[in-house]
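*Asks:* sharing a sequence plus its predicted fold:
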There are 4 protein chains.
Amino acid sequence: MSAPAVASSKVEPLTTPSDLSQSLFRTRQQTLSLAAPLGAEDQAAQANEDASPTKWHLAHTTWFFETFVLQPFLPGYKVFDERFNYCFNSYYETQGARQPRPMRGLLTRPTCFEVQDYRAYVDEALQSLFGSAVADDPETRSRIALGVNHEQQHQELLLTDVLSLFALSPLRPAYRDGGRTHARDDVSPLRFVGFDGGRRAIGHTGEGFAFDNESPRHDVLLQPFALADRLITNAEWLEFMRGGGYGASNLWLADGWARITKEGWGAPLYWEERDGQWLQMTLWGLQTIDPAAPVCHISFYEADAYARWAGKRLPTEFEWEVAAEDIAVAGNMLSRGALQPLPASGGKGVRQMFGDAWEWTQSAYAPYPRYRSSAGALGEYNGKFMCNQQVLRGASCATPDSHARRTYRNFFYPHQRWQFCGLRLADDA
Amino acid sequence: MSAPAVASSKVEPLTTPSDLSQSLFRTRQQTLSLAAPLGAEDQAAQANEDASPTKWHLAHTTWFFETFVLQPFLPGYKVFDERFNYCFNSYYETQGARQPRPMRGLLTRPTCFEVQDYRAYVDEALQSLFGSAVADDPETRSRIALGVNHEQQHQELLLTDVLSLFALSPLRPAYRDGGRTHARDDVSPLRFVGFDGGRRAIGHTGEGFAFDNESPRHDVLLQPFALADRLITNAEWLEFMRGGGYGASNLWLADGWARITKEGWGAPLYWEERDGQWLQMTLWGLQTIDPAAPVCHISFYEADAYARWAGKRLPTEFEWEVAAEDIAVAGNMLSRGALQPLPASGGKGVRQMFGDAWEWTQSAYAPYPRYRSSAGALGEYNGKFMCNQQVLRGASCATPDSHARRTYRNFFYPHQRWQFCGLRLADDA
Amino acid sequence: MSAPAVASSKVEPLTTPSDLSQSLFRTRQQTLSLAAPLGAEDQAAQANEDASPTKWHLAHTTWFFETFVLQPFLPGYKVFDERFNYCFNSYYETQGARQPRPMRGLLTRPTCFEVQDYRAYVDEALQSLFGSAVADDPETRSRIALGVNHEQQHQELLLTDVLSLFALSPLRPAYRDGGRTHARDDVSPLRFVGFDGGRRAIGHTGEGFAFDNESPRHDVLLQPFALADRLITNAEWLEFMRGGGYGASNLWLADGWARITKEGWGAPLYWEERDGQWLQMTLWGLQTIDPAAPVCHISFYEADAYARWAGKRLPTEFEWEVAAEDIAVAGNMLSRGALQPLPASGGKGVRQMFGDAWEWTQSAYAPYPRYRSSAGALGEYNGKFMCNQQVLRGASCATPDSHARRTYRNFFYPHQRWQFCGLRLADDA
Amino acid sequence: MSAPAVASSKVEPLTTPSDLSQSLFRTRQQTLSLAAPLGAEDQAAQANEDASPTKWHLAHTTWFFETFVLQPFLPGYKVFDERFNYCFNSYYETQGARQPRPMRGLLTRPTCFEVQDYRAYVDEALQSLFGSAVADDPETRSRIALGVNHEQQHQELLLTDVLSLFALSPLRPAYRDGGRTHARDDVSPLRFVGFDGGRRAIGHTGEGFAFDNESPRHDVLLQPFALADRLITNAEWLEFMRGGGYGASNLWLADGWARITKEGWGAPLYWEERDGQWLQMTLWGLQTIDPAAPVCHISFYEADAYARWAGKRLPTEFEWEVAAEDIAVAGNMLSRGALQPLPASGGKGVRQMFGDAWEWTQSAYAPYPRYRSSAGALGEYNGKFMCNQQVLRGASCATPDSHARRTYRNFFYPHQRWQFCGLRLADDA
């Protein structure tokens, strides 16, 4: 996330220290694995201001544990290098000055090997923390759970940021070799599934970890609605393009029209036309478009224009959450290893609610009623991003599976496209 | 409004042609009166990209009637000058190309005298329309009502745009001479008035004119809340400033903090410190700050930061509408002639709900459930601005009295300050 | 000039007070005449940062006399309005703060009528100065002569700035009505006239007025060279365009190529193609291109690229001055009233050296050997612009006739095009 | 150089193939040595648009030999990787499209190891070229000599670009460890050495290699002048700073004043004040200022302002060349290993003419009389940069010794500071 919300969960997420420990070190290891295919230069470069270098993700998530877990809770802990607070603080004003965001790619020092040492040093201290009585302290455990979830967010960002970097390389390198299996030719026609309106409860129930922007749980009034049973595909998007969608001002929000005009957008990010054929840069390198796969790397503006073109609309985040109530939190997420959205499977009911691509909603990112951010560095930013951004729901092919939740609120600026973002249509019923 | 929504009202606003005619020509005359104190150069200059020249407002509102009333409905109507469509179309893509917005100040031709001729020509045609059977046609009358409300919006913009122009003049000229009466020393302490929660109806009832963004009327669920009984004053704002409000990052939304840092904001727009004293540019020229008057010309970011500093929050637009239910639509509006916010009168209950200053809400500007924009040029833009902006409620000292409504949704970008915008605190109850 | 050099002449320019007085008041009157066709709005608008409003030119030249002649030399002189120093100081740091250059168009006050009063007030004071003994003081007279030449520079700027304003108006208004007589079909073929090299004296001889950048007179070594006998015509420029001149990177200086690529230049400024025909905005409104007239409103980059395309080069300013030695200072200048470059007359030898269009040279604007700027506000800026600009020689159709000199050094940035600038080819001999 | 001129020398630079071969491979090896202290990340990052990554320098100089020597002259040569032409072409339009300059830091692929392979491959091919008859061909040898000189330019750039990168690192790493010996306390007082004027020959004599911008040799007229016997020191620069030099508008060229105001310059680049003491980032890391060492990393604007403050001026490039006529081409250059300017030694006459720091002259970079750029890719750019830049003379502590020449014309934009640029005063005599 461009600016991941961090907040103490109010509820103990995992019941035993060993669960938490397992979750922690598995996550720490997983981040390293994601970085493994990348050389030193790949890890250090920054594609643009939204993205961060892999090395920075590796170090920042480590700094997070050092700053918010080890320093406050592990007696006698000595920081690895005093200067890293400046290097790897992201946006915590309370934690002091920091390397300007657009200049993270200039941090050639510490090297990626030194960052690995940093990780090892902090992991060792975390190990020793679990060997002490501190590991039973609810606040400590809550912080660790937060750190795990924070690092999971950066796992997804690491992948999307690598993609944005490799897409700017004239060599169009593949993050992962091999390439996808032969694309499916088609998916089932789009169907809409109806849902009742009425008074519905929204937000985190208190079971397991959640960010505080998912609370307080509260009731909303919904009118009856319908939701498409799958995501919009590349084939459908091509129809929109060929139908002149990017040139029809009446389909666009004013800010969206200004954006596509200024930037010259005429296709999703990472699409390029060569010899009359559309290709798409992916983590597997440059590939032909899979018509049956969900369209991805589109902005909110594009999603909204498509919906208008289709005579439909985007769902609200509440409609989405209600529709997800009985859906298993499972799908094409990080553990699947596909690293790109895949065509919807057959079947009844709404599919692709989790995995493949985050889904833009028409809901502006705003606090739930009676939400108040907590004090201190971690609470400092809870509500800080609740302006100018749109909520996305679901999960993507790059989301760690255990990170997904029905109440999860992802958020990005309406023009941003470098995440795995797609769209699902909604309609009034 | 930076981008006033225009839409056909669905209901006949005024019952007889003569009412409508009276309303129309009174409004047309009123616009001329507002321009009267201004010389040719004052009328032609453009202070910035958000503002438009007076002359442009005079011509654009005229073009609106010519384009959307006379051309479609008055048989045999001949446009005054074919070239004016390019000059005075604001943002109607369907109506064709137009003078780029930032270059409206370069329209030295037509002159202000030619624009007056243009107005007279169109007014005469409108007169002849009222003399014909067309004046009984509901669609025609609906369009005229829309034109009247559109022109009223531009009356307010004309004043705020003149203020922004004169504030940039080294001579700090007064739009109106004489100056305000001696300022009151104080107002009553801030009190909060409680309101019940529950299921409440929101939106236009169908009686009288309304823009289509106020519809459809629908129910929302509210939790009990409290609303401050008056607007925040300049004295209270000075406390915030002296308390370091502009320097405390933890009070600000991230986008707000970036904005005030980049722009160097440390006070409301139009405030200037001279010899240790705060002055404020107004339509009456440069004046000392009136401590008891409502603070004005603040952005949403500033309003939001103030509320956080005060341990409160901004109201939602729904809370505001519910609280306004039993309040008379009256106050310090355009007819009062004050042309600046005035201290709250004494009394019980919420005051200053209409007039003085528009009130920023925490609600992002978004469509009401089942809202769909209509087709054609006028409908083209109904929902076009429903992104990245915040709703403001109430009315200001520059709002034509008959333009104010309890369901009225004004909207601006969160950083914009050149309108008469202030704030009222809310709280959970 | 974007930044006219001002400096005391070292030599008494005119021998008797009455000559000087006549020259002064004739020039003052002439400026008013140039403004006469313009309405209040035309006089107040600013087309871009390089240009200034007519009203500002009228006031600034008046401020110049008030500040540098009346205040120091006329006992008891009382300034017209203390605030005008801020409004109408151009770039004299010593004279204090001033209206930012890009915001001159926001000076709706003082009005053009007040500026006329200002001019009358200052003219009256200048009259009374001539009635006193002060008029015999050499320093006073030198300053007045400087003021006259300064105002002449602004007369040319007034016209070029009006043209840039009207070119941005969708109505493309004419500054002067009537229009040019039927264009000549052709001019004589381009011939080159040879000149000897050797040691040649360059710079002002000391006779009559000159700006100090024309001094000290000094010798330079020249190699034999040839100069084209007339300016390059529009017809010849069209050949360059049709030959792909704007698309051939190898013809361009690197900075020029970057500029035309970024700005999308494909023709001189003010040219527009309509229905396959090239038109040009002029002070007479929009006209068809006259093939025989000199090309105008081109940048140094374009002039340089053309010369390379033609297998020639631009002259140095020294070559130009040597070639002008025996040429009468006469041609299509302001008094002719053509207000646009005209085709070269027939005849032998180099023609069009004065009038029609300023001629870009390959000489960077730099100080002559032993040049030192003098002290004080007027001297403050003498050398201040001697960087990043190119020298132009000759005079244009908008230059007051008595302002032209063989040693005159005009200068603009290499990308600037809004002046009447053309080109003459040179070659090695 | 931001844009090094490349041109075929007109004269055979080295007499035997073995000399040329030795020079070539020594230079190739030297570049690798300069890169040796840098890790992969250091080699890949780009500090700003003026600078390039080390890896890019390593590859671009290799591409230069591949493109301009091996491809045209070595029969059967097969390019290493077709895609590298896009990656490592700098600005040769004729050679086709290329990686945008500001995005060179995104070339994480090829890796630095692959670039080493590329270098080895090309070096091997160059070896085989020397084993063939081609090595006797004058044109081939001329191209190789050009390639050597081109690579030497990039050696200097490599060092200045690393410095600019490390200066932006919060860790302020040292390129070379150890640090300078204790600074000398003072140098001899500044003295001026007089030179006669008259007709003097300027430009390359034809002996040995030279870039074509040093030709044709031609005469100029000089007036008698004096030159300071050493460079201006840091101590003298501090006097300028403490005397308010950066705040006195009257000392500055208009463009310089605009630049320092906009950028907030108050000291040379890489200077930082900590606890009241001035430090300077160097290739040895952050150091205290050496008062006796030449000031460095200043723009032309600053050099010019200092000269005006001192009541002197900068030399012209011709004065400098005349003064250098009898001076040995020796000094603190790359082979010394100081990697920073050192205090002037004692002695008579002008010192520090070569080495320590390039010297800004008041001469705009312009073609010598009768200079014409040659055809083709290499000639394409010979004159392409002769606009808007200033000539610097001498050499710096980072210039390869054999690269320095009395007639050498270095050039940069007047605002650029990241090179080792200092100043020497001149005066009229």
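*Replies:* Done, it's in. Numbers count the residues shown, from 1 in each chain, chains lettered A, B, ... in the order given.
*Asks:* quick check: the residue in the stretch 1-150 of chain A positioned nearest to chain B vs chain D, distance?
*Replies:* Relative to chain B, the nearest point of the stretch 1-150 of chain A is A:Glu93 (4.0 Å; Cβ to the nearest Cβ). Just so you know, the C-beta spots here come from the backbone N, C-alpha and C atoms, and that holds for glycine as well. Here A:Glu93 is placed at a distance of 17 Å from chain D (Cβ to the nearest Cβ, to the nearest Å).
*Asks:* nearest residue to the residue in the stretch 1-150 of chain A positioned nearest to chain C in space, ignoring adjacent ones along the chain?
*Replies:* Nearest residue of the stretch 1-150 of chain A to chain C: A:Asn48, at 20.7 Å (Cβ to the nearest Cβ). Distances taken as Cβ to Cβ, 6 or more residues apart in numbering or on different chains put A:Ser164 closest to A:Asn48, at 6.4 Å, once the chain neighbours are dropped.
*Asks:* wait, what's in contact with that neighbour?
*Replies:* Neighbour list for A:Ser164: A:Ala47, A:Asn48, A:Asp50, A:Ala51, A:Trp418 [criterion: Cβ atoms under 8 Å, 6 or more residues apart in numbering or on different chains].
*Asks:* shouldn't it be within a helix?
*Replies:* Yes - under DSSP: H, G, I helix; E, B strand; the rest coil, A:Ser164 sits within a helix.
*Asks:* return the per-residue confidence for it.
*Replies:* As summarised for this prediction, A:Ser164 has a pLDDT of 98.
*Asks:* equivalent analysis for the one 10 residues further on, please.
*Replies:* Model confidence at A:Ala174, expressed as pLDDT, equals 97.
*Asks:* list phi and psi for it.
*Replies:* Dihedral angles of A:Ala174 (phi, psi; degrees, to the nearest 10) stand at phi -90, psi 130.
*Asks:* now swap in A:Gly355 and tell me
*Replies:* Note on A:Gly355: backbone dihedrals following degrees, to the nearest 10 are phi 90, psi 180.
*Asks:* how about it: what's its closest non-neighbour residue?
*Replies:* A:Gly331 (2.8 Å).
*Asks:* thought that neighbour was touching A:Ala395?
*Replies:* Yes - using Cβ atoms under 8 Å, A:Gly331 is in contact with A:Ala395, at 7.0 Å.
*Asks:* partners of whatever residue of chain A ends up closest to chain B in the sheet?
*Replies:* Proximity of chain A to chain B (Cβ to the nearest Cβ) peaks at A:Ala364, 3.4 Å away. Beta-bridge partners for A:Ala364, by DSSP bridges, are A:Gln390.
*Asks:* tally of neighbours for it?
*Replies:* 23 (other Cβ atoms under 10 Å in any protein chain shown).
*Asks:* those residues of the stretch 51-200 of chain A touching chain B, which are they?
*Replies:* For the stretch 51-200 of chain A, the residues in contact with chain B (Cβ under 8 Å from any Cβ of the partner chain) are A:Tyr91, A:Glu93, A:Thr94, A:Arg199.
*Asks:* quick one: contacts of stretch A:228-239?
*Replies:* A:186-188, A:190-193, A:268, A:278, A:289-295, A:298, A:306, A:312, A:341, A:343-344, A:349-352, A:356-357, A:359, A:422-426.
*Asks:* just the buried ones from those residues, in PyMOL syntax?
*Replies:* In PyMOL, this line selects whichever of those come out buried by 16 or more other Cβ atoms under 10 Å in any protein chain shown:
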select buried, chain A and resi 187+190+192+268+278+289+290+291+292+293+294+295+298+306+312+341+343+344+350+351+352+356+357+359+422+423+424+425+426
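*Asks:* take the contacts of stretch A:228-239 and keep only those in strands.
*Replies:* In strands, judged by DSSP state E, the following of the contacts of stretch A:228-239 are found: A:Phe192, A:Val193, A:Trp278, A:Glu359, A:Gly422, A:Ala426.
*Asks:* list just the nearest of those residues to C:Pro400.
*Replies:* The nearest member of those to C:Pro400, counting by Cβ to Cβ, is A:Trp278 at 62.4 Å.
*Asks:* partners of the closest one in the sheet?
*Replies:* When assigned by DSSP bridges, A:Trp278 has beta-bridge partners A:Glu273.
*Asks:* and it, what does it touch?
*Replies:* Going by Cβ under 8 Å, 6+ apart, A:Trp278 touches A:Leu238, A:Ala267, A:Trp271, A:Glu272, A:Thr288, A:Ile289.
*Asks:* okay if I get those residues as a markdown table plus pLDDT?
*Replies:* As requested, the contacts of A:Trp278 are arranged in a markdown table below (pLDDT from 0 to 100):
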| residue | pLDDT |
| --- | --- |
| A:Leu238 | 98 |
| A:Ala267 | 98 |
| A:Trp271 | 98 |
| A:Glu272 | 97 |
| A:Thr288 | 94 |
| A:Ile289 | 94 |
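*Asks:* for ChimeraX, what selects the buried ones among the residues you listed?
*Replies:* To isolate the buried members of the contacts of A:Trp278 in ChimeraX, using 16+ other Cβ under 10 Å:
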select /A:238,267,271,289
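*Asks:* I'd like to know which of the contacts of A:Trp278 is nearest to D:Glu321.
*Replies:* The shortest gap between D:Glu321 and any of those belongs to A:Glu272, at 52.0 Å (Cβ to Cβ).
*Asks:* measure the residue lying closest to that closest one once chain neighbours are set aside to A:Asp290 for me?
*Replies:* In this structure, A:Glu272 finds its nearest non-sequential neighbour in A:Leu279, 5.3 Å apart by Cβ to Cβ, 6+ apart. A:Leu279 sits 11 Å away from A:Asp290, going by Cβ to Cβ, to the nearest Å.
*Asks:* residue ranges with poor pLDDT in the stretch 101-250 of chain A?
*Replies:* For the stretch 101-250 of chain A, applying pLDDT under 70 flags the ranges A:179-185.
*Asks:* ok, A:Ala357 - contacts?
*Replies:* Residues near A:Ala357 by Cβ under 8 Å, 6+ apart: A:Leu231, A:Pro294, A:Val295, A:Cys296, A:Pro341, A:Gly394, A:Ser396, A:Cys397, A:Phe420, A:Cys421, A:Gly422.
*Asks:* need the contact list for the second one.
*Replies:* Contact analysis of A:Pro294 by Cβ under 8 Å, 6+ apart lists A:230-234, A:341-344, A:352, A:356-357, A:422.
*Asks:* ok, now how distant is whichever residue of the stretch 251-400 of chain A sits closest to chain C from chain D?
*Replies:* Evaluated by Cβ to the nearest Cβ, the stretch 251-400 of chain A has A:Gly264 as its residue closest to chain C, separated by 13.5 Å. A:Gly264 is 16 Å from chain D, where distance means Cβ to the nearest Cβ.
*Asks:* surely the residue of chain A closest to chain B is in contact with A:Arg409?
*Replies:* No - in this structure A:Ala364 lies outside contact range of A:Arg409 using Cβ under 8 Å: 11.4 Å.
*Asks:* what do the two both touch?
*Replies:* Joint contacts of A:Ala364 and A:Arg409 (Cβ under 8 Å, 6+ apart) are A:Val391.
*Asks:* tell me the domain ranges of chain A?
*Replies:* Split into domains by automatic domain parsing, chain A comes to A:17-167, A:192-428.
*Asks:* would you map the helices across the stretch 201-350 of chain A?
*Replies:* Here the stretch 201-350 of chain A has its helices, by DSSP state H, counting those that start in this stretch, at A:234-242, A:254-263, A:300-309, A:317-323.
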